[in-house]
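> turn this into a structure:
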Amino acid sequence: MKRMKRNLVLFASSLLLLLLWQMGAVILDSQILLPGVGPVLSALLSLTKEAPFTLNLFSTVLRAFESFIIIVLSATMLGIAAGRNSWFSLMLKPFVVVLKAVPVMSIILLAFIWFSSGTVPLFSAFLMGFPVMFVQIEQGVLHLDKNLDQMCDIYDFSPRMKIHHFIIPSLMPFFLTGARTALSMVWKVVIAAEVLTVPQYGVGSRMHLAQVQLETEKVLSWTLLTILLTALGDLLFDAIVLLSVRVKKAKDARRVPCVL
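Residues are numbered from 1 along each chain as shown. Predicted coordinates for the structure are as follows:
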């Protein structure tokens with residue numbers, strides 16, 4: 001019942017947003033400034049029928065996925081090392097602070113000077129998402145319960161048991177928060193970099209081309225696809241997390257002996 005209410009509220013708010021959009025289009029009465037919902041959906045349908053549509057979509061998804069994987073692996077390893085060693089954390093601090101402070105556009109423009117247009121989105125997304133993930137993992141290590149750590153030593157837990165039963169569960173909330181935030185940031189930075197650098201294929205490249213040709217309905221169509229990609233990424237992320245939790249519960253249940 002509670003889930004149904006949440007879905008109804010979500011549906012109503014989405015419907016209100018579409019209504020406001022349509023009202024704005026009617027008031028402005030200009031296809032260039034703000035086309036209505038109908039023309040944008042029609043343009044979106046026509047885009048899906050074009051030959052390079054899948055290639056543009058796949059190129060953006062691949063860049064985002066590659067950036068996200070690199071962020072997760074590097075930030076997790078370095079974050080754990082920084083959390084366990086204050087000197088290493090201090091050494092990385094200027095690098096992390098600079099990345100957090102530098103504007104996204106500055107990084108994209110500099111990367112465009114250094115790399116090819118296809119590499120810029122991946123590189124820029126990594127630099128923007130890395131500090132978010134790194135800080136979360138470092139904080140997670142710093143907040144490990146020392147009493148539980150001592151208890152593991154008292155009961156002579158093996159390194160494998162300690163990692164599986166103490167460290168991973170303790171770090172998981174920080175890991176999920178960092179990964180979710182980094183993933184949302186990756187989508188935005190990748191597409192922004194594509195808009196500026198215009199690689200041969202990519203959602204951002206098509207948005208730039210549509211903007212140059214004053215095809216606002218196509219710009220909004222690609223924007224809707226971007227929102228859909230972000231939403232699907234979040235849903236996939238949640239599904240993986242839920243599946244891992246259920247698998248862990250099933251394994252734990254099998255370990256518990258039945259008491260008659």
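> show me where the stretch 151-260 of the chain has its helices.
159-162, 168-197, 203-212, 216-255 (DSSP state H, counting those that start in this stretch).
> looking at those helices, spot the one closest to Leu62.
Minimum separation from Leu62 across these (C-beta to C-beta) falls at helix 168-197, 9.7 Å. Using the backbone N, CA and C atoms, a C-beta is placed for each residue, glycine as well.
> now that closest one against helix 216-255, angle please.
With axes from the mean of the first three to the mean of the last three C-alpha atoms, to 10 degrees as the basis, helix 168-197 and helix 216-255 are set at 160 degrees to each other.
> picking that back up, can you put the helices of the stretch 151-260 of the chain in TSV and add mean pLDDT and mean neighbour count?
Output for the helices of the stretch 151-260 of the chain, formatted as TSV (pLDDT from 0 to 100; neighbours: other C-beta atoms under 10 Å):
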stretch	mean pLDDT	mean neighbour count
helix 159-162	78	12
helix 168-197	89	21
helix 203-212	91	20
helix 216-255	80	14
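> reformat those helices as a markdown table; add distance to Ala25.
Rendered in a markdown table, the data for those read as follows (distance: least, C-beta to C-beta, whole Å):
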| stretch | distance to Ala25 |
| --- | --- |
| helix 159-162 | 59 |
| helix 168-197 | 23 |
| helix 203-212 | 17 |
| helix 216-255 | 10 |
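> which among those helices is found nearest to Ala12?
If you check each of the helices of the stretch 151-260 of the chain against Ala12 by C-beta to C-beta, helix 216-255 wins as the nearest, at 17.3 Å.
> chain center to that closest one: distance?
10 Å (C-alpha atoms, centre = their mean, to the nearest Å).
> ditto for stretch 19-27
Using C-alpha atoms, centre = their mean, the offset of stretch 19-27 from its chain centre is 30 Å.
> same question for it, mean pLDDT?
Averaged across stretch 19-27, pLDDT comes to 89.
> ok, stretch 77-96 next?
For stretch 77-96, mean pLDDT is 92.
> can I have it written out in CSV, keeping just the CAs?
What follows is stretch 77-96 as a C-alpha-only set of coordinates in CSV (Å, rounded to 0.1, in the frame of the first residue of the first chain):
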residue,chain,number,x,y,z
MET,A,77,41.8,1.3,-3.4
LEU,A,78,43.2,4.8,-2.8
GLY,A,79,40.4,5.7,-0.3
ILE,A,80,41.2,2.5,1.8
ALA,A,81,44.9,3.3,1.7
ALA,A,82,44.3,6.9,2.7
GLY,A,83,41.9,5.9,5.5
ARG,A,84,44.5,3.6,7.0
ASN,A,85,47.5,5.9,6.5
SER,A,86,47.2,9.6,7.5
TRP,A,87,50.5,10.5,5.6
PHE,A,88,49.2,9.0,2.4
SER,A,89,45.9,10.9,2.9
LEU,A,90,47.8,14.1,3.5
MET,A,91,49.8,13.5,0.3
LEU,A,92,46.6,13.1,-1.8
LYS,A,93,44.7,15.9,-0.2
PRO,A,94,45.9,18.7,-2.5
PHE,A,95,45.0,16.6,-5.5
VAL,A,96,41.5,15.9,-4.2
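> report the contact partners of the residue nearest to Lys162 when sequence neighbours are not counted.
For Lys162, the nearest residue in space outside its immediate sequence neighbours is Cys152; the separation is 4.8 Å by C-beta to C-beta, 6 or more residues apart in numbering. The neighbours of Cys152, taking C-beta atoms under 8 Å, 6 or more residues apart in numbering as the test, are 161-162, 165-166.
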